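Q: I'd like to go over a predicted model; first the sequence, then the structure.
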Amino acid sequence: MKQFQFDYKNNDNLVSYLKRIKQWCQTTVVSNVLFQIYTESLDKDMLNGICDTIKKEMPDALYMGCSTNGNIIMGDKSDDSVSIVCTAYEYPSTQIMVLQYHLDAESALDVACDLNKHVRTNSWVKSIMTFTTMRGMSMTEYCEELGMLPKNVVFCGGGAFSGDINDNAAVVFSSNGEVSDHAAVFLLTGGDDYYVEALHVTGWKPLGRYLLVTKAKGEMLYELDGKPAYETYSKYLDIKNDDDFFFNTLEFPFLYELNGQDILRAPIDSGDDGSLTMTADIAENVKARIAYGDPQTILQSVHDAAYSFQPFIPEAITVFSCAGRRTFWGDDEIGNETHPFQSLAPTSGFYTSGEFLRTGDYVNQHNVTLVVEAQREGGIEGKTMAHVDTSNDGFSGKVSMIKRLATFIQAATEELEQANKKLETMAITDGLTGLYNRAEIQNRITDNARENGVGAHGIMNTGASLIMMDIDDFKAVNDNYGHKEGDIVLMGLADMLKETVGKDAPDASIGRWGGEEFMVLLPTSNLEKATMISENIRKNFNEIEFELAGHRTISLGVTEMIAGEDADLACMRVDGALYEAKRSGKDKVVQA
């Protein structure tokens, strides 16, 4: 695999490069030639002229291209508006295919389905790279369908953009289609001697407590913790809702987990109602945290990614970097993110409106992220492993003050969250047994009765039952052996209930009703099953031998809850069944 990377100056300059590439191809075995064209310009006449020249000079070559927010060649941002990368594949077994589809909200699913069919009928495919227009589109269902691609296929790519970050205009084009502002281009690559790896890098780290997304639709984020989303930036970061909102929030995007991956979403605008327009869809009922971007921490993440590619010995690397990262770094320092990859292999790519990467079973749309694909032809035997060069980053061996402060804040936040969880648990549990306390088990019974309160009164609801139990002659245990042994008996019953009920009815709630009385709510067990569970409880408790108290017995009442019935009535009925078990001889189960 051989790459030629150069900036486009004019047509004569392009022809000169193409002739040199043709001359090189004539000196070696070449199976396929691919041109990738990255352009900050949306001038269709110029782009068509470039494509026509390539077709004229190298008619067998394939090409694909897109508009960008900046081009990357030789591991650095190009100063020119158009950059061209030519890849010559040298192994006869390597195959490539370029597909182009019209893409809009109505056709997105059909595009993903048809691509899936193409890949499944071409078993040689190992990698799919995409350039796509996507601004203003929801890509969620599109990505879900792409996740159905064969598991062994790497999928990555980027969203087309323009040189103006505030402009939604974008185009893609290829040897299989014209310049279009609503299209997706896919490069399929594979073969027995073709190898590929891909990964993503964020570098932004979570900061502070979790916030629940309580209202969102598509790319609109309306509420966090039930409050207007903008208040988070106003309250915690003192960021104003003005013309500089995007640039001020870029350092602090949201980070949340999607399909097992940390995903960044940056707000690009704030509405008068406190809503935020995000860079891509964000789901409701997910937990998100503000993330912070510290240059040194980000670069360390980039270095770690580059180091992970070393043993692969790549021959070419493609980078899809969010335009937001370019804005974050500025043009003078953005190359710090791509230089480490260039020290391993020729590195090219572009600054995107969004990044795509297949991880596990899912294709995720990323933002403020670096997606990197490394490829190679042939094995690594006899090849020399290059080493990552980090000499120019200016941070080697240092730990930033921002990182130290952020680590301190995060640790303090986690300690506070753990303390709050402990207090919440203490508020609903019995201190001795670890079961729910009286208030909590009663609340759960009440909630269940309310949920099942539909239907005619007096009709049995087979969806829920109650078991109430009492240790027989428990006062004698305390009187004869002391309260410590009494506590041991209570804890023994609690542990047995967790095991027995947990096995027979995993959805049950178990609570200490008071003293030696316990209550079990079985939300999906009818009277027959509840009685069976009660007998298991009675027998299992009888088998326990306590050191001082020996074997003890237990009496139980069981009842099925009735639709439309007040929870207190159900509790009174099961209490009556327990009383009858006690009155009629103990060590038994009585139904009511």
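A: Yes, it's here.
Q: number of residues surrounding Arg438?
A: Residues near Arg438, counting by other CB atoms under 10 Å, number 14. Using the backbone N, CA and C atoms, a C-beta is placed for each residue, glycine as well.
Q: if I look at it, how far off is Asp181?
A: For Arg438, the distance to Asp181 (CB to CB, to the nearest Å) stands at 66 Å.
Q: what of Lys151?
A: 33 Å.
Q: those two - which one has more neighbours?
A: Legend: neighbour count by other CB under 10 Å for Lys151 and Asp181, higher for Asp181 (17 against 9).
Q: what segments of the stretch 101-250 of the chain are strands?
A: 125-132, 154-159, 172-174, 177-180, 183-190, 194-201, 205-217, 220-224, 227-228 (DSSP state E, counting those that start in this stretch).
Q: ok, which of the ones you listed comes nearest Leu370?
A: strand 194-201 (4.2 Å; CB to CB).
Q: okay, buried residues for that closest one please.
A: 194-201 (16 or more other CB atoms under 10 Å).
Q: please save the CA atoms from it in PDB.
A: Presented in PDB, the C-alpha positions along strand 194-201 are these (Å, rounded to 0.1, in the frame of the first residue of the first chain):
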ATOM      1  CA  TYR A 194      -6.100  -6.500   3.900                       C
ATOM      2  CA  TYR A 195      -6.100  -5.600   7.600                       C
ATOM      3  CA  VAL A 196      -7.900  -2.700   9.400                       C
ATOM      4  CA  GLU A 197      -8.300  -1.400  12.900                       C
ATOM      5  CA  ALA A 198     -10.300   1.600  14.200                       C
ATOM      6  CA  LEU A 199     -10.800   3.500  17.500                       C
ATOM      7  CA  HIS A 200     -12.100   6.700  18.900                       C
ATOM      8  CA  VAL A 201     -10.600   9.300  21.200                       C
END
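Q: helices or strands next to it in the packing?
A: On a contact count with 3 or more CB pairs under 8 Å, 6 or more residues apart in numbering; DSSP states H and E, strand 194-201 meets strand 125-132, strand 154-159, helix 295-309, strand 355-359, strand 370-377.
Q: returning to that earlier point: ok, so of the buried residues of strand 194-201, who is nearest Lys586?
A: Nearest member of the buried residues of strand 194-201 to Lys586, counting by CB to CB, is His200, at 65.3 Å.
Q: burial count for the closest residue in space to Asn152 that isn't next to it in sequence?
A: Nearest non-adjacent residue to Asn152, counting by CB to CB, 6 or more residues apart in numbering: Lys126, 6.9 Å away. Lys126 has 21 neighbours, counted by other CB under 10 Å.
Q: my guess is Lys126 meets Lys151, correct?
A: No: counting by CB atoms under 8 Å, Lys126 stays clear of Lys151, with 11.6 Å between them.
Q: what's the following helix or strand after the helix or strand of the chain with the lowest mean pLDDT?
A: Lowest by mean pLDDT, DSSP states H and E among the helices and strands of the chain is helix 401-428, with a mean of 69. The helix or strand immediately downstream of helix 401-428 is helix 438-451, counting by DSSP states H and E.
Q: can I get that following helix in CSV? Just the C-alpha atoms.
A: Extracted in CSV, the C-alpha atoms of helix 438-451 (Å, rounded to 0.1, in the frame of the first residue of the first chain):
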residue,chain,number,x,y,z
ARG,A,438,-42.1,-0.8,57.9
ALA,A,439,-42.6,2.5,56.0
GLU,A,440,-41.0,1.3,52.8
ILE,A,441,-42.7,-2.1,52.6
GLN,A,442,-46.0,-0.4,53.3
ASN,A,443,-45.4,2.2,50.6
ARG,A,444,-44.6,-0.6,48.1
ILE,A,445,-47.9,-2.4,49.0
THR,A,446,-49.8,0.9,48.6
ASP,A,447,-48.2,1.6,45.2
ASN,A,448,-49.0,-2.0,44.0
ALA,A,449,-52.6,-1.6,45.1
ARG,A,450,-52.8,1.7,43.2
GLU,A,451,-51.3,0.2,40.1
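Q: now do the SS call for Gly335.
A: helix (DSSP: H, G, I helix; E, B strand; the rest coil).
Q: now it: closest residue in space, sequence neighbours ignored.
A: Using CB to CB, 6+ apart, the nearest residue to Gly335 is Asp76, at 4.3 Å.
Q: need the contact list for the one you found.
A: By CB atoms under 8 Å, 6 or more residues apart in numbering, the residues touching Asp76 are 335, 338-339, 342.
Q: next up, phi/psi of it, please.
A: The phi/psi pair for Asp76 (degrees, to the nearest 10) reads phi -150, psi 160.
Q: need the per-residue pLDDT for it.
A: pLDDT for Asp76: 96.
Q: distance of it from Pro314?
A: Taken as CB to CB, the span from Asp76 to Pro314 is 18 Å.
Q: next one: Leu115
A: 25 Å.
Q: what does Glu355 give?
A: Using CB to CB, which is the criterion applied here, Glu355 is 19 Å from Pro314.
Q: what about these two, which has more around it?
A: A side-by-side neighbour count of Glu355 and Pro314, using other CB under 10 Å, places Glu355 first with 26 against 23.
Q: what sits against the more buried one?
A: Counted by CB under 8 Å, 6+ apart, Glu355 has contacts 156-159, 200, 320-322, 365-367, 369-371.
Q: what's near enough to touch the nearest residue to Ala505 once chain neighbours are set aside?
A: Nearest residue to Ala505, sequence neighbours excluded (CB to CB, 6+ apart): Leu522, at 5.1 Å. Neighbouring residues of Leu522 by CB under 8 Å, 6+ apart: 464-467, 501, 505, 507-508, 529-530, 533.
Q: many thanks, have a good one.
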